[in-house]
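Trainee: Fold the following for me, if possible:
(4 chains)
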There are 2 protein chains.
Amino acid sequence: MYAGVFPASNRSRQTPGTTAPSYLARPRQISLFSPDAEIYRQGDRSGLVYRVEFGAVRVYRLHAGGRRQVVSFHLAGETFGLEADRTRRFFAEAMVHSGLTVVGNASAETTSEDLLALALRQMISAQEHLLVLGRQSALEKLAAFLLDIAERQGDLDPIDLPMTRIDIGDYLGLTIETVSRSFSKFRDEGILRLHGARTVELLKPDRLRLLCQ
Amino acid sequence: MYAGVFPASNRSRQTPGTTAPSYLARPRQISLFSPDAEIYRQGDRSGLVYRVEFGAVRVYRLHAGGRRQVVSFHLAGETFGLEADRTRRFFAEAMVHSGLTVVGNASAETTSEDLLALALRQMISAQEHLLVLGRQSALEKLAAFLLDIAERQGDLDPIDLPMTRIDIGDYLGLTIETVSRSFSKFRDEGILRLHGARTVELLKPDRLRLLCQ
DNA sequence: CGGTCCTTTGAATTTCCTCAAACAAAGTGG
DNA sequence: CCACTTTGTTTGAGGAAATTCAAAGGACCG
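Mentor: Predicted coordinates for the structure are as follows:
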């Protein structure tokens, strides 16, 4: 496990001619994280906001009894880590080999407008996740999850899942067995095809949309 | 059903000598809503943020199939209604006779700092709700819900629940029967006492905390 | 090639949901 | 003021779904 640092590549710099938020205008460094490497932990004093340059991140909380609730996944191009009072309320880990840049923090370094946009995005993300968790059926939860991930990956087919069944279960409030059985059910019904456990081809996405709308 | 308007009372004005947020410095009007009166609906174009002066509000979304997911409850003194793009993503209704004031909107009228604080509060609220919904047991969900409401009511005993069992069920992702059975279980174990369905006396709150921590 | 971790599948159990009925509280109209 | 209706709550019985426990199969890595 390692966590190195090197200068950011060009693709993450501001595009000429566009009005990008101020935090995109500065040169940045990419921090590298190997699978399961810790990015921050609950209780840490930090208001750093990160952007995923490549890879994927899980944010979660640990409950008494060893249970874990994954609060959010973050894929390439997405930001995470904004806190209300500069104290971490969750744990964050890389799920696969990942590169992160710091795009700002909750102090004067970033404009209030940028922070507001970030906060609103995280709010909507939590609300949408909440709506998924409120669904009663495991099939509906998994359908909503797959459609969400597919959309965030730019609808490229097949989907690459950076997370394990355990991660998905902890995200949806299900056991890994139920997650696996739900995948199998979708496969048996011809809704999707599995190329290994982590690569999913959505054959009939409309059938999934019917389930969760 | 009615929704009247009259000048705000003194208690909602700024206290002399304190530095209150700018939106508290202006005089306001209280809008009145009777039980089940609509405050706004999904799709509405509005960025108004409300403060509950008295009463209680539910915010929810309707799914296909008639299912309803309550996203949040708001009690006296709390604010709600901040939207990312001035389009309502949920419905809001008064649960009991309620009075609301407008504390700002997502345009220039309110400072960016105030909006950020509101957004962060709504973000945390959604994340905490998400953690409750992720719990697998109905008893854990209800325990977390009761402790949350008790704390927000200032730990006054007994608690007054402004919402029906249907509301609680739609908030926790349970049926009303399961909610009712969970109440009965807690009552039979001496954890709480019910004075009618809407008044709850927490006899052993620590037993509830043990369940959900 | 052996070991570890992840995933899948099966069987038994528990929990929750669905359907149903009884009960309680509040409001309406005669 | 009282029957009646409506709405909300509680409780029971049966069935469906998810969890738990268990074992076997795959994929990856040293």
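
Trainee: ok, which stretches of chain A are helices?
Mentor: With DSSP state H, the ranges of helices along chain A come out as A:112-133, A:138-152, A:165-172, A:176-188, A:205-212.

Trainee: what's the second one in contact with?
Mentor: Contacts of helix A:138-152 from elsewhere in the structure, counted by CB atoms under 8 Å, 6 or more residues apart in numbering or on different chains, are A:73, A:75, A:78, A:128, A:131-133, A:135, A:157, A:159, A:161, A:168, A:171-174, A:178-179, A:181-183, A:185-186, A:192, A:200, A:202, A:205, A:208-209, A:211-212. Placement of C-beta: from N, CA and C, glycine included.

Trainee: Tell me the buried residues in that helix?
Mentor: Buried residues in helix A:138-152, counted by 16 or more other CB atoms under 10 Å in any protein chain shown: A:138-150.

Trainee: got the angle for it vs helix A:112-133?
Mentor: Angle of helix A:138-152 versus helix A:112-133, following axes from the mean of the first three to the mean of the last three CA atoms, to 10 degrees, is 150 degrees.

Trainee: Against DNA strand C, how distant is the residue nearest to A:Arg135 when sequence neighbours are not counted?
Mentor: Leaving out its chain neighbours, the residue that sits closest to A:Arg135 by CB to CB, 6 or more residues apart in numbering or on different chains is A:Lys141, at 5.3 Å. Note on A:Lys141: its distance to DNA strand C, by CB to the nearest atom of the strand, to the nearest Å, is 13 Å.

Trainee: Outline the domain layout of chain A.
Mentor: The record assigns chain A these domain ranges, following automatic domain parsing: A:5-133, A:138-212.

Trainee: With respect to B:Ala92, which of the ones you listed lies nearest?
Mentor: Of all the domains of chain A, domain A:5-133 sits nearest to B:Ala92, with 13.5 Å by CB to CB.

Trainee: Does DNA strand D have contacts with the closest one?
Mentor: No: using CB under 7 Å from any atom of the strand, domain A:5-133 stays clear of DNA strand D, coming no nearer than 8.9 Å.

Trainee: before we move on, back to that, for B:Pro35, find the nearest of the domains of chain A.
Mentor: Checking the domains of chain A against B:Pro35 by CB to CB gives domain A:5-133 as the closest, at 24.9 Å.

Trainee: Buried subset of the contacts of helix A:138-152 as a ChimeraX selection?
Mentor: Restricted to buried positions by 16+ other CB under 10 Å, the ChimeraX selection for the contacts of helix A:138-152 reads:
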select /A:73,75,78,128,131,132,133,135,159,161,168,171,172,173,174,178,179,182,183,186,192,200,202,205,208,211,212
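
Trainee: Show the end-to-end separation of stretch A:47-59, please.
Mentor: End-to-end span of stretch A:47-59 (CA to CA, to the nearest Å): 15 Å.

Trainee: I appreciate the help and will end here.
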